[in-house]
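Asks: Dropping a prediction and its sequence here:
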Amino acid sequence: MASARERLAQLASITTSLMVAWAMFQRSFLHGLPSFILDYPQILPSFIYPYIEIRFNEFSAEHLVLRSEAYSAIDNYLSSIKSFMHTKRLKADIVQNSQSLSLSMDDGEEIADEFEGFKIWWPSGKIRNPSPPISLSFRPTSEDKRYYKLTFHKRHRDLVLGPYLNGVLKEGKAIKLRNRSRKLYTNAGPYWSPVVFEHPATFQTIAMNPKKKKEIIDDLIAFSKAEDFYASVGRAWKRGYLLYGPPGTGKSTMIAAMANLLGYDIYDLELTAVKDNTELRNLLIEISSKSIIVIEDIDCSLDLTGQRRKKNEKVEAGKDSISRQKLAKDEMDTRASSQVTLSGLLNFIDGIWSACGGERLIVFTTNYVENLDPALIRKGRMDVHVELPYCRFDAFKVLAKNYLNLESHTLFPKISVLLEETNMTPAEVADHLMANAVLGDATFSLQSLIHALETAKEEARLRGAEGDQARKIQQLVEE
Ligand SMILES: Nc1ncnc2c1ncn2[C@@H]1O[C@H](COP(=O)(O)OP(=O)(O)OP(=O)(O)O)[C@@H](O)[C@H]1O
Ligand SMILES: [Mg+2]
């Protein structure tokens, strides 16, 4: 059944037709009548039909191929609001990156939305293009042009055209970002090449101290919502993370979990493949917002500390010709490999990056935090330092829950002590648990982990004893 507004719309349309006919009649036969009568066709229907309609076409006149950004945002927004109760014909599609179906209304249907206590209607429709007589090209012709018609009472004009519509467009764009398939970019030469990023890691599966984990999650979420805060204090919307710890402790896994948590793309920057600072700058300004820039093994990527050392050596050098020659050769060697310098990287972090949009994390990883230049990791550049250590009992409990669905067990105390006495990575512990998890016997899995820990402890003891012996022999030889 047609709603009151629809009946009014029909009435207004009939009235408009009548008024147009009336105006034509006037113009033809009644020259000289007062001009306000000629204005009737515009005034009268707006008394009868006090609604404003704004049409958002799928394709604008200028961009016949590119879908209008406003239309896409509205489409996403309308698919998200739960006003389908009275809509009989819906369209369904699979959302990228998700198993769920996304519903949207079919052409010719209407969704009602509410804002500040009043109603807004979004009828959808399509204009059928007259099909071309005979197309000689094989290019498919897009016959139908879809649109949404924002319809609201004229007394709400300011609210609808201001906060309501801005909110719809903002939310629609946010939904698009959430639903898009994310990318992992790597640099080979001066360009980024993307692949679809699908990594199952989540913070839930990362084995580490739960308190530390919560702090990181809270920090990331606070960062992703802090656009206004960063703007108000005049700082670039970026945050630096340094993840450090031995190999296999979950640094790369945590980066994937960060990307999954925030829905960001990852730009995995291989510094050794970057020719010089100019190429570095060009790569970095290409990076879009909502992204994580990752530089793995920062200590191996560049001779970052060396660059500084050489500067100091330069002052000392020059006294004799041999050291001058050595310095020149060192500089040539450095230039031959990569000319990206510590100062180039720092300039990027402080300057260029700040100037090109926001919502970006930069993450450095290293196995040897003590080797890094303090300038690189000082607060302000690397805001958060996260240590991923060898597996201790708190991290083990996460793995036991994930792999064996165990919260406690009589063997836990023994494992806790053994983990303190050995240096086994979460990766190794996880491997032991996984090897037997499929058998479904948790006690057997824990026993085999205990056996592995005891073996590792014994090996470490033997290595230590061998080392002591070697040192003693060395001492005797020197004496
Ligand atoms: N803390 C952890 N929690 C859960 N799984 C982990 C953890 N650490 C490692 N793993 C598992 O071990 C494997 C290796 O981990 P990852 O690559 O993240 O280590 P890494 O710290 O980046 O090592 P590297 O320093 O060698 O790059 C991953 O497949 C991951 O599933
Ligand atoms: Mg790694």
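Replies: Arrived safely, thanks for sending. Ligands and ions are numbered 1, 2, ... in the order given.
Asks: Got phi/psi on R281?
Replies: phi -60, psi -40 (degrees, to the nearest 10).
Asks: Now do the same for the residue of the stretch 151-300 of the chain at minimum distance from ligand 2: helix, strand or coil?
Replies: Residue nearest to ligand 2 within the stretch 151-300 of the chain: S252 (3.2 Å; CB to the ion). In short, each C-beta sits where N, CA and C put it, glycine included. When classified by DSSP: H, G, I helix; E, B strand; the rest coil, S252 comes out as helix.
Asks: where in the stretch 351-479 of the chain is pLDDT low?
Replies: 351-357 (pLDDT under 70).
Asks: How about the residues of it by ligand 1?
Replies: Those residues of the stretch 351-479 of the chain that sit near ligand 1, judged by CB under 6 Å from any ligand atom, are N367, L388, A395, P426, A427, A430.
Asks: returning to what we had before: the residue of the stretch 151-300 of the chain closest to ligand 2 against E296, yeah?
Replies: Yes. Counting by CB atoms under 8 Å, S252 does reach E296; the two are 6.9 Å apart.
Asks: shared neighbours, the two?
Replies: Contact criterion CB atoms under 8 Å, 6 or more residues apart in numbering; residues shared by S252 and E296: T365.
Asks: If we look just around ligand 2, which residues of this structure are in range?
Replies: K251, S252 (CB under 5 Å from the ion).
Asks: how's the chain carved up into domains?
Replies: For the chain, the structural domains run 50-128+141-179, 183-302+338-387, 393-478, going by automatic domain parsing.
Asks: so of the ones you listed, which one's packed in deepest?
Replies: Comparing those by mean neighbour count (mean count of other CB atoms under 10 Å), domain 183-302+338-387 comes out on top with a mean of 17.
Asks: distance of I285 from I293?
Replies: Per CB to CB, to the nearest Å, I285 is found 12 Å from I293.
Asks: before we move on, the earlier item: list the contacts for the residue of the stretch 151-300 of the chain closest to ligand 2?
Replies: S252 touches E296, T365, counting by CB under 8 Å, 6+ apart.
Asks: confidence score at it?
Replies: For S252, the pLDDT comes out at 94.
Asks: how about the residues of the protein near ligand 1?
Replies: 205-208, 247-253, 367, 388, 395, 426-427, 430.
Asks: my read: Y403 touches L433, true?
Replies: Yes. Using CB under 8 Å, Y403 is in contact with L433, at 4.1 Å.
Asks: can you list residues touching both of the two?
Replies: With CB under 8 Å, 6+ apart, Y403 and L433 have common neighbours S445.
Asks: for the residue nearest to K401 when sequence neighbours are not counted, phi and psi?
Replies: Nearest residue to K401, sequence neighbours excluded (CB to CB, 6 or more residues apart in numbering): E407, at 6.4 Å. As for E407, its main-chain torsions (degrees, to the nearest 10) stand at phi -100, psi -30.
Asks: ok, now how distant is E407 from N166?
Replies: E407 is 48 Å from N166, by CB to CB.
Asks: Then R182?
Replies: Distance from R182 to N166, by CB to CB: 26 Å.
Asks: for L433, same thing?
Replies: 51 Å.
Asks: cool, and F223?
Replies: 24 Å.
Asks: again with A395
Replies: Taking CB to CB, one finds A395 at 45 Å from N166.
Asks: go on, E359?
Replies: The gap separating E359 from N166 is 19 Å, by CB to CB.
Asks: With adjacent residues omitted, what lies nearest to H409?
Replies: Per CB to CB, 6+ apart, closest to H409 is L446, 6.1 Å.
Asks: Identify the residues contacting the residue in the stretch 101-250 of the chain that ligand 1 sits nearest to.
Replies: In the stretch 101-250 of the chain, the residue that lies nearest ligand 1 is G250 (2.9 Å; CB to the nearest ligand atom). Counting by CB under 8 Å, 6+ apart, G250 touches I206, A207, M208, L388, P426, A427.
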